[in-house]
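>>> Sharing a sequence plus its predicted fold:
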Amino acid sequence: MEVIDASGHTLASFNTRPVAEVERDLLACCAVPAWARAVVAGRPYPDLGVLVATADAALAALTWDEVALALAAHPRIGEHPTGNDRESAWSRREQAAVTDADAQVKAALARANREYEQRFGHLFLIFASGRSRDELLAAARQRLGHDDHTERRIVHGELRKIARLRLERLLGAEPAIPTEATVPTEATVPTEAAVPTEAAIPTKAAIPTEASGPAS
């Protein structure tokens, strides 16, 4: 059965629509132009599993500068995006747990955001889907104790989970929410000094099948 989303996109249309249109959709998943170009370059994809595996391999290869670029497109946890674009709609859905939070919780989240940004110099990013407002606040406070290397690794992993979820929704799939067990480990998320080269992104001949692709 062909995968289709609410906008009428199918895997077939993803494979055949103009490059600029598909890249625009991918940038709503992860705002890194080089990543979007790498995913588009892999077309045509035989199935959604191959597409997601290829996209995730390219996400794993992002440098920290590219991760920081993607962070700039995300709202702070607790801030309500008001745009009518797909990315804003996804952000509102992902942060549903804090939409109706009381003033005290919102103030605590705002305070945690400020402390985090002062500590690390970048936005606090977390895969918010399926998490309660208390869990989000606790995570923000807990991560303040990390060193820079550990926190960059975690941010990279959270970005990968968010981008994968959005990509699957773009094609109409409603994936299972990842658990902490599926968060990429330090061994699987490259450091800035060991980022895989373009040659390390799997070619079509070596892309895992849906059955052997990463767990959702």
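Right, received. Where do you want to start?
>>> in the protein, which spans are helices?
In the chain, the helices defined using DSSP state H lie at 11-16, 19-29, 33-41, 48-60, 64-71, 86-94, 96-99, 103-120, 133-143, 148-170.
>>> which one of those has the most crowded surroundings?
helix 48-60 (a mean of 22; mean count of other C-beta atoms under 10 Å). Using the backbone N, CA and C atoms, a C-beta is placed for each residue, glycine as well.
>>> Next, the angle from it to helix 148-170.
150 degrees (axes from the mean of the first three to the mean of the last three C-alpha atoms, to 10 degrees).
>>> name the helices or strands packed onto helix 48-60?
Contact analysis of helix 48-60 by 3 or more C-beta pairs under 8 Å, 6 or more residues apart in numbering; DSSP states H and E lists helix 11-16, helix 33-41, helix 148-170 as its packing neighbours.
>>> would CSV of those helices with mean pLDDT and distance to Y116 be doable?
Output for these, formatted as CSV (pLDDT from 0 to 100; distance: least, C-beta to C-beta, whole Å):
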stretch, mean pLDDT, distance to Y116
helix 11-16, 94, 36
helix 33-41, 98, 24
helix 148-170, 96, 9
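>>> what residue ranges in the chain score low on pLDDT?
1-9, 80-101, 174-216 (pLDDT under 70).
>>> at 50 what do you get?
The chain contains residues with pLDDT under 50 at 1-8, 179-216.
>>> still on that earlier bit, dump the helices of the chain to TSV, plus distance to F127.
TSV is the format used below for the helices of the chain (distance: least, C-beta to C-beta, whole Å):
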stretch	distance to F127
helix 11-16	23
helix 19-29	13
helix 33-41	17
helix 48-60	13
helix 64-71	13
helix 86-94	8
helix 96-99	12
helix 103-120	16
helix 133-143	10
helix 148-170	4
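>>> Between those, which one is closest to G78.
Across these, G78 has its closest neighbour in helix 103-120 (3.7 Å, C-beta to C-beta).
>>> Now do that closest one against helix 148-170, angle only.
Going by the same axes, to 10 degrees, helix 103-120 makes 120 degrees with helix 148-170.
>>> helices and strands around helix 103-120, which ones?
Judged by 3+ C-beta pairs under 8 Å, 6+ apart, helix 103-120 is in contact with helix 96-99, helix 133-143.
>>> do you know which of those lies nearest L165?
Nearest to L165, of all the helices and strands packed on helix 103-120, is helix 96-99, at 13.4 Å by C-beta to C-beta.
>>> Serialize the helices and strands packed on helix 103-120 to CSV and add fields for distance to R24.
Rendered in CSV, the data for the helices and strands packed on helix 103-120 read as follows (distance: least, C-beta to C-beta, whole Å):
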stretch, distance to R24
helix 96-99, 25
helix 133-143, 29
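>>> Out of those helices, flag the one nearest Y116.
Taking C-beta to C-beta, helix 133-143 is the member of the helices and strands packed on helix 103-120 nearest to Y116, at 5.9 Å.
>>> Just want the angle from that closest one to helix 103-120.
Angle of helix 133-143 versus helix 103-120, following the same axes, to 10 degrees, is 20 degrees.
>>> Might one say that A34 is in contact with L69?
No - counting by C-beta atoms under 8 Å, A34 sits too far from L69 to count as a contact (9.2 Å).
>>> Nearest residue to T16 in space, please, no chain neighbours.
Closest residue in space to T16, ignoring its immediate chain neighbours: P44 at 7.4 Å, by C-beta to C-beta, 6 or more residues apart in numbering.
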